[in-house]
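**Student:** Need coordinates for the below:
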Amino acid sequence: MTISIGSSFFSSSSSSSSASEVSKGKVSKPLEKNTAETEFLKEVKKTPAERLRESLLKQMGLTEEALAAMDPDARTAVEKSIADAIKQRLQAGGDQSTGQVVDRSV
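**Tutor:** I've put the predicted structure just below:
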């Protein structure tokens, strides 16, 4: 039995980018796709302090973008509140809830 694949199978369509377009900087879309894997890797790379800050902002109904857009006095108050909450958790030894990273090597 013989299977033949026509040359049209290997030809590129006009919608895909050729290597020469990529090397000349003519491709407008980023090559990396936003996948579950990339989102997971972003989350894993965060430090426990970054995760805690994100959690505290979420509890306050804020995002980093919203915080950056605040007037300086309001932002200072929120930043102080976050710093106080982090200090409080550190002094208490942190809760041992699921998902918290604990360094047991010390």
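
**Student:** just the helices in this structure please.
**Tutor:** Ranges of helices in the chain, per DSSP state H, are 19-23, 36-44, 48-59, 64-69, 72-91.

**Student:** quick one, which of those helices is packed in tightest?
**Tutor:** For those, average neighbour numbers computed from mean count of other Cβ atoms under 10 Å are highest in helix 48-59, which has a mean of 14. Glycine gets a C-beta too; all of them are placed from N, C-alpha and C.

**Student:** coming back round to it: reformat the helices of the chain as a markdown table; add mean pLDDT.
**Tutor:** A markdown table is the format used below for the helices of the chain (pLDDT from 0 to 100):
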| stretch | mean pLDDT |
| --- | --- |
| helix 19-23 | 54 |
| helix 36-44 | 90 |
| helix 48-59 | 90 |
| helix 64-69 | 93 |
| helix 72-91 | 91 |
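
**Student:** wait, what's in contact with the closest residue in space to L52 that isn't next to it in sequence?
**Tutor:** In this structure, L52 finds its nearest non-sequential neighbour in I86, 6.1 Å apart by Cβ to Cβ, 6 or more residues apart in numbering. By Cβ atoms under 8 Å, 6 or more residues apart in numbering, the contact set of I86 is A49, L52, R53, L56.

**Student:** Next one: the second one relative to P72, how far apart?
**Tutor:** Pointing back at L52 there. 23 Å (Cβ to Cβ, to the nearest Å).

**Student:** Over to the first one?
**Tutor:** In this view, A49 and P72 are 23 Å apart by Cβ to Cβ.

**Student:** From Q88, how far off is E54?
**Tutor:** The value you get for E54 to Q88, if Cβ to Cβ is used, is 17 Å.

**Student:** same thing with A66?
**Tutor:** Taking Cβ to Cβ, one finds A66 at 23 Å from Q88.

**Student:** what's the answer for A69, then?
**Tutor:** Using Cβ to Cβ, we find A69 at a distance of 27 Å from Q88.

**Student:** same question, N34
**Tutor:** In terms of Cβ to Cβ, N34 sits 35 Å off from Q88.

**Student:** same question, R51
**Tutor:** 16 Å.

**Student:** again, but for E50
**Tutor:** E50 is 17 Å from Q88, by Cβ to Cβ.
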